[in-house]
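> Need a 3D model of the sequence below.
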Amino acid sequence: MAELSGLDVSTKQVERISEKIGRERVQQRDQAVADFRALPLMRQCESPVPNPPDASTVATVMADGGRLQIFDRCERDPGPVQAQSDQAGGGQTDSDDEPKHGGYWREDKIGLVMTMTSTVSAEDPCPEVPAHFVDPLRILKLAREIKGHVAAAKDEPDEIPESAAAAVTIDAQEDEPSTTPKPKVRSMVATRGDVDKLGEILAQAAWARGFAAAERKAFVGDGAKGNWGIHKRWFSSYEAILDFIHALTYVFAAAMAGRKRLEGWEVYKTWIQSVWSGKVEEVIRALEIRLAELGEAKEDESETSPRRVVSEALGYLRNNAGRMRYDAYRKAGLPITSSHMESTVKMFNYRVKGTEKFWSEPGAEAMLQLRADYLSETEPMDTFWEDRQGTATGRWPYRRAL
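A predicted model of the protein is given here:
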């Protein structure tokens with residue numbers, strides 16, 4: 001403000017105004033959700049807008065969680081809290097609100113409501129797994145970013161030799177033409193509430209954009225139990241799709257577990273092609289055989305032990321097999337990754353996450369709502385300011401001519 005208009009506005013004043021406006025938007029959001037839930041079921045299945053997504057558009061919903069620090073002297077967790085196993089997903093849960101290592105860290109719930117453009121094909125437009133999913137160095141890095149560890153033989157180098165990566169590059173001279181659905185209009189929601197709260201906010205936001213009347217609808221998520229709970233409660237008419245990247249990391253970790261690098265890499269290439277082709281049952285059977293060879297994991301085994309890695313991957317694929325028909329999704333022009341959701345979480349984290357940033361619960365909810373509003377391409381704040389100006393005390397309720 002000082003640079004643009006010469007106004008000297010204190011940080012505390014900005015903080016107070018931001019929280020005030022944010023709370024107003026939270027109240028409006030909660031009222032919209034209450035009004036939506038009060039509608040008869042048939043009305044919830046109809047579009048409230050005259051132009052819902054057409055046949056060339058995919059109505060897409062995604063959900064995930066970010067991190068931020070909540071400062072509350074009365075509720076601070078003084079000790080470590082172990083991560084809980086997500087039995088429904090077969091891996092680590094992404095929706096536990098308690099801090100993983102004690103302290104102030106909590107989770108915020110974030111949702112993405114997005115229209116995407118794509119075409120429907122009679123045949124799989126990309127039957128071969130793309131080259132970037134069989135790039136050894138890239139996949140090793142990706143798997144470690146998502147899972148945090150990849151089991152490997154102790155007497156081998158930490159990376160696959162460059163000669164293997166070069167061989168893959170030679171085999172894949174050109175990448176397949178991109179058939180990925182393209183984003184059209186995105187809107188975001190966020191809350192510090194639980195996963196049920198996120199579900200109803202997402203449902204109202206999707207309904208308000210006419211998604212109920214869309215011909216093609218997709219709900220994309222990772223293996224967290226909370227995501228599929230949202231799908232079952234609010235988006236059961238949407239095609240449930242497991243994010244391919246999360247599936248890839250489990251397949252890669254299991255293929256490499258207890259094997260030498262090059263041997264494991266060959267196994268991974270076979271398995272990931274099967275997953276890409278929608279033949280996940282083939283990989284499940286292979287994992288069952290592999291686990292029988294290794295033996296069942298014991299409770300006190302390290303999370304990097306081959307038996308535990310293979311067991312977790314097997315559980316993950318079994319529990320999500322019905323959401324991994326990737327060949328059918330590509331034919332229908334549906335998205336198979338949650339990359340847009342991941343980038344959305346990063347945009348929220350950029351504002352609210354930091355070792356030096358602490359929030360109260362009301363302040364966090366207000367800021368998350370404002371962040372969602374300003375990131376949304378539907379521009380809800382324009383409508384908010386118009387309505388607020390028209391109803392402000394002591395002002396004539398004149399509206400700007402359209």
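
> distance of Ala240 from Glu282?
Applying C-beta to C-beta, to the nearest Å, the value for Ala240 to Glu282 is 21 Å. Glycine gets a C-beta too; all of them are placed from N, C-alpha and C.

> Tell me which of these two has more neighbours.
Neighbour totals were compared for Ala240 and Glu282, and Ala240 leads with 19 against 15 (other C-beta atoms under 10 Å).

> For the helix or strand harbouring the more buried one, enumerate the helices and strands it packs against.
Counting by DSSP states H and E, the element that carries Ala240 is strand 239-242. Contacts defined by 3 or more C-beta pairs under 8 Å, 6 or more residues apart in numbering; DSSP states H and E place strand 239-242 against strand 216-221.

> Which strands or helices does the strand it packs on pack on?
By 3+ C-beta pairs under 8 Å, 6+ apart, strand 216-221 packs against strand 57-69, helix 225-234, strand 239-242.

> Put together JSON lines for these, with mean pLDDT on each row.
Converted to JSON lines, the helices and strands packed on strand 216-221 look like this (pLDDT from 0 to 100):
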{"stretch": "strand 57-69", "mean pLDDT": "96"}
{"stretch": "helix 225-234", "mean pLDDT": "96"}
{"stretch": "strand 239-242", "mean pLDDT": "98"}
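
> got CSV for the ones you listed, with distance to Ala255 too?
Shown next, in CSV, are the helices and strands packed on strand 216-221 (distance: least, C-beta to C-beta, whole Å):
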stretch, distance to Ala255
strand 57-69, 26
helix 225-234, 25
strand 239-242, 18
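
> Out of those, which gets nearest to Gly315?
Distance to Gly315, taken as C-beta to C-beta, is lowest for helix 225-234 among these, at 12.3 Å.

> Now do the buried residues in the closest one.
Neighbour counts over helix 225-234 (16 or more other C-beta atoms under 10 Å) mark 225-231, 234 as buried.

> which of those residues lies closest to Val120?
Relative to Val120, the closest of these is His231; by C-beta to C-beta it sits at 22.2 Å.

> Of the buried residues of helix 225-234, just say which sits nearest to Ser302.
Lys225 (24.1 Å).

> what about the closest one, distance to Ala143?
Here the criterion is C-beta to C-beta. By it, Lys225 lies 22 Å from Ala143.

> With Tyr238 instead?
28 Å.

> can you check Arg16 too?
Taken as C-beta to C-beta, the span from Arg16 to Ala143 is 45 Å.

> The two - which one has more neighbours?
Using other C-beta under 10 Å, the more surrounded residue of Arg16 and Ala143 is Ala143, with 21 against 11.

> for this protein, what are the low-confidence residue spans?
Low-confidence segments of the chain (pLDDT under 70): 1-2, 73-102, 147-178, 392-402.

> Where do the strands of it begin and end?
Along the chain, counting by DSSP state E, strands occupy 57-69, 85-86, 91-92, 105-117, 182-191, 216-221, 239-242.

> Turn the ones you listed into CSV, columns for distance to Ser10.
Output for these, formatted as CSV (distance: least, C-beta to C-beta, whole Å):
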stretch, distance to Ser10
strand 57-69, 23
strand 85-86, 45
strand 91-92, 43
strand 105-117, 27
strand 182-191, 27
strand 216-221, 42
strand 239-242, 48
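
> Which among those is found nearest to Pro306?
Closest approach to Pro306 among the strands of the chain (C-beta to C-beta): strand 91-92, 16.3 Å.

> Can you spell out which helices and strands pack onto the biggest helix by length in the chain?
Counting residues, the longest helix found in the chain (DSSP state H) is helix 11-38. Helices and strands touching helix 11-38, by 3+ C-beta pairs under 8 Å, 6+ apart, are helix 195-208, helix 361-375, helix 380-391.

> would you list those helices in CSV and tack on distance to Pro130 and mean neighbour count?
Formatted as CSV, the helices and strands packed on helix 11-38 follow (distance: least, C-beta to C-beta, whole Å; neighbours: other C-beta atoms under 10 Å):
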stretch, distance to Pro130, mean neighbour count
helix 195-208, 30, 22
helix 361-375, 29, 21
helix 380-391, 36, 13
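
> Those: which one's closest to Arg323?
Closest of those to Arg323 is helix 195-208, at 17.3 Å (criterion: C-beta to C-beta).
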